[in-house]
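**Q** What follows is a predicted protein model with its sequence.
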Amino acid sequence: MVILVVGILGFFQPKKPFFSMNDFTPYIERDRKNFWIVLFIFFSIFINSFVFFKEPFEFYIGYLVYIFLLPGFIIKYKFNRNLIFIFLTLFLVGIVGILTGNNTSSQFLKVYLGVFFSYLFYYYVVFELDFDIEQLFKWYLKGAYFASIIGIFQFISFLLNFKPGFRLFYLFNKWGIAPGGTFGIRINSVFSEPTHLGAALSAAFFVSVYNLFNSKTFYLSKFQSLVIIIVYLLSFSGLGQLGVFLTLIFILISYGFIRYLFIIIPICIILFNFLFNNVSEFRSRYEGLISMYTTGKFELGKTHGSSFILYNNYHVALENFENNFLFGSGLGSHLIAFDKYSLAKDFKTVGFNLNGADANSMLLRLISETGMFGVLIFLVIIFKCYVKRDVENLSYHWLISNALLILILLNLFRQGHYFLNGFPFFVILYYFNSVSYKNYFIEEQPILVETENQRVES
């Protein structure tokens, strides 16, 4: 149901004119206030490995951003009636879920308020920064580069056995070392775990791959792009590996399937075989998923635990969907459904009932908590707002759109938290990138990606 917030954006019309995309005066010089706003925004995206407290809910540094900035945004821009309507609907569905025993008031309010404030905040951010989607995405790329630099430092520190270095000087309290991979460590940089890095940096990875194989670059130099690619691969994240495949597929689609068919497919096969034969984590997860989804059988000690956890949440989501197929059982209710339908509730071995609250996948959670209504609206947003590469009207929009779509898809597949690592920001950016493209297409102001090297900041 989270995506309903974005679905209603289709009825919004920007109240301010777009900045010219030729205006690249840095924010710190043009407006110091905007510089700090953007800085705080990206704290909320990249720094989620530190929590101030864990009860009654986990309080991240990004929540401080909401507290300080959101009230001013609301006063300045007021509430939109469409947003009020959609959140009122969400509230009523949640109340029904509580009354029918499908949810609890504490769980509902925790998720509902988090969804409401995060989507509202990032929506207002786009207004506050005058719909400059290109600049906002550029800031994200710079943040991804800095996170990757930290990842390189972590990797080198591990090779040198410099413990404070590869543990990032113990700055984060929701963070840990992830052993494994070819070198004995799976890099997670400032993120809680490699999976979070694989999701959050996936859009930057797509742009970096584009930059590496093109003579002209998009906002990142080839060196910066290479750093991001290296760290992304060093995460040895299963989700990151999926991000690699999606990147190759989307580039293939963007540049013509037939033209690159005989290049990309062999690369994908070689990459898959390398990962399967050399990365035990990838092989065990892959075999576990194939086994679970084809036979439905779990063998303790043989089936990968993460594969079972994902399959278990898949089972729970489908069971809950059958009983609440239209609107779901309400935000935050998957935990209750998990207690009812989990295949592992009688397991004596601990660890198999993890991710009961977030379903281990946002798509599964949407199916469970929002039913057909939320899932269909999400699909409409994905397809309606997608900007494909048009050789007749080349602009930066297709690159941003493909990059963000990969990030969204990876979160759908594996990240069940609705607003972790600024996910609402990327969904809203994906929407407004489409609006920006349509505006510039109408105004006949195409901005060629092939000339972007003139704007690169090394």
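**A** Received it, and whenever you're ready, just let me know what you need. Numbering: from 1, shown residues only.

**Q** Please make it C-alpha for all contacts and neighbour counts, starting now.
**A** Fine.

**Q** which residue ranges form the helices in the stretch 351-458 of the chain?
**A** 362-384, 397-414, 423-442 (DSSP state H, counting those that start in this stretch).

**Q** Select, out of these, the one closest to Ile177.
**A** Of all these, helix 397-414 sits nearest to Ile177, with 20.0 Å by CA to CA.

**Q** name the helices or strands packed onto the closest one?
**A** helix 194-200, helix 202-212, helix 238-255, helix 362-384, helix 423-442 (3 or more CA pairs under 8 Å, 6 or more residues apart in numbering; DSSP states H and E).

**Q** that older thread, and of the helices of the stretch 351-458 of the chain, who's closest to Ile75?
**A** helix 423-442 (20.4 Å).

**Q** nearest to Tyr219, of the helices and strands packed on helix 397-414?
**A** Among the helices and strands packed on helix 397-414, helix 202-212 comes nearest to Tyr219, with 8.9 Å by CA to CA.

**Q** Give me the distance between that closest one and the centre of its chain.
**A** Counting by CA atoms, centre = their mean, to the nearest Å, helix 202-212 is centred 15 Å from the centre of its parent chain.

**Q** got it, and stretch 117-130?
**A** On CA atoms, centre = their mean, the centre of stretch 117-130 falls 17 Å from the chain's centre.

**Q** Ok, stretch 111-127 next?
**A** How far stretch 111-127 lies from its chain's middle: 15 Å, per CA atoms, centre = their mean.

**Q** ok, and for that stretch, which residues are buried?
**A** Going by neighbour count (16 or more other CA atoms under 10 Å), the buried part of stretch 111-127 is 111-112, 115, 117-127.

**Q** Check the chain for its longest helix and report it.
**A** Counting residues, the longest helix found in the chain (DSSP state H) is helix 133-159.

**Q** quick check, Gly328 in a helix?
**A** No - using DSSP: H, G, I helix; E, B strand; the rest coil, the assignment for Gly328 is coil, not a helix.

**Q** does it really touch Ile367, like I thought?
**A** Yes - Gly328 lies in contact with Ile367 (CA atoms under 8 Å); the separation is 7.0 Å.

**Q** okay, and the common contacts of the two?
**A** Here Gly328 and Ile367 have Phe321 as joint contacts, going by CA atoms under 8 Å, 6 or more residues apart in numbering.

**Q** Nearest to Ile228, out of the helices and strands packed on helix 397-414?
**A** Of all the helices and strands packed on helix 397-414, helix 202-212 comes closest under CA to CA, at 6.3 Å.

**Q** Quick one: list the elements packing against that closest one.
**A** helix 133-159, helix 222-234, helix 238-255, helix 397-414.

**Q** can you do 6 Å?
**A** Contacts defined by 3 or more CA pairs under 6 Å, 6 or more residues apart in numbering; DSSP states H and E place helix 202-212 against helix 222-234, helix 397-414.

**Q** For the stretch 51-200 of the chain, which segments count as helices?
**A** Under DSSP H, counting those that start in this stretch, the stretch 51-200 of the chain gives helices at 61-77, 81-99, 105-128, 133-159, 163-166, 194-200.

**Q** how about stretch 227-243: buried residues?
**A** Buried residues in stretch 227-243, defined by neighbour count with 16+ other CA under 10 Å: 227-229, 231-243.

**Q** what's the answer for stretch 145-157, then?
**A** Tyr145, Phe146, Ala147, Ser148, Ile149, Ile150, Gly151, Ile152, Phe153, Gln154, Phe155, Ser157.

**Q** Show me the shaky parts of this structure.
**A** Within the chain, the stretches with pLDDT under 70 are 1-33, 257-264, 279-281, 285, 288-289, 291-293, 295-305, 346-355, 441-458.

**Q** circling back to that earlier point, need the helices of the stretch 351-458 of the chain in CSV with distance to Phe162 and mean neighbour count, can you?
**A** Converted to CSV, these look like this (distance: least, CA to CA, whole Å; neighbours: other CA atoms under 10 Å):
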stretch, distance to Phe162, mean neighbour count
helix 362-384, 37, 22
helix 397-414, 32, 23
helix 423-442, 33, 20
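
**Q** To Val207, which of those lies closest?
**A** Comparing the helices of the stretch 351-458 of the chain against Val207 with CA to CA, the closest turns out to be helix 397-414 (6.6 Å).

**Q** Would you mind getting the angle between that closest one and helix 362-384?
**A** Angle of helix 397-414 versus helix 362-384, following axes from the mean of the first three to the mean of the last three CA atoms, to 10 degrees, is 160 degrees.

**Q** quick one: contacts of helix 397-414?
**A** When contacts are defined by CA atoms under 6 Å, 6 or more residues apart in numbering, helix 397-414 is touched by residues Ala199, Ser202, Ala203, Phe206, Asn360, Ser361, Met362, Leu363, Val387, Lys388, Arg389.

**Q** any chance of those residues in a markdown table, with distance to Ile265 too?
**A** Below are the contacts of helix 397-414 laid out as a markdown table (distance: CA to CA, whole Å):
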| residue | distance to Ile265 |
| --- | --- |
| Ala199 | 23 |
| Ser202 | 20 |
| Ala203 | 21 |
| Phe206 | 17 |
| Asn360 | 30 |
| Ser361 | 28 |
| Met362 | 29 |
| Leu363 | 27 |
| Val387 | 24 |
| Lys388 | 21 |
| Arg389 | 20 |
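
**Q** Of all pairs in those residues, which one is the farthest apart?
**A** Maximum distance among these (CA to CA): 32.4 Å, for Asn360 and Arg389.

**Q** higher neighbour count, the two?
**A** Asn360 (25 against 20; other CA atoms under 10 Å).

**Q** Just give the closest residue to that one, not the sequence neighbours.
**A** Gly416 (5.0 Å; CA to CA, 6 or more residues apart in numbering).

**Q** I figured the one you found hits Ala357, correct?
**A** No - look at Gly416 against Ala357 with CA atoms under 6 Å: they stay out of range, at 8.2 Å.

**Q** if we can go back for a sec, report the separation between the residue nearest to Asn360 and Tyr255.
**A** Noted for Gly416: a distance of 32 Å to Tyr255, by CA to CA, to the nearest Å.

**Q** higher neighbour count, the two?
**A** Between Gly416 and Tyr255, counted using other CA under 10 Å, the more crowded position is Gly416 (21 against 14).

**Q** Could you tell me which residues make contact with the more buried one?
**A** Contacts for Gly416 (CA under 6 Å, 6+ apart) come out as Asp358, Ala359, Asn360, Ser361, Met362.

**Q** Rebuild the residues you listed as a markdown table, extending it with distance to Pro194.
**A** Listed next are the contacts of Gly416 as a markdown table, based on distance: CA to CA, whole Å:
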| residue | distance to Pro194 |
| --- | --- |
| Asp358 | 18 |
| Ala359 | 19 |
| Asn360 | 15 |
| Ser361 | 16 |
| Met362 | 18 |
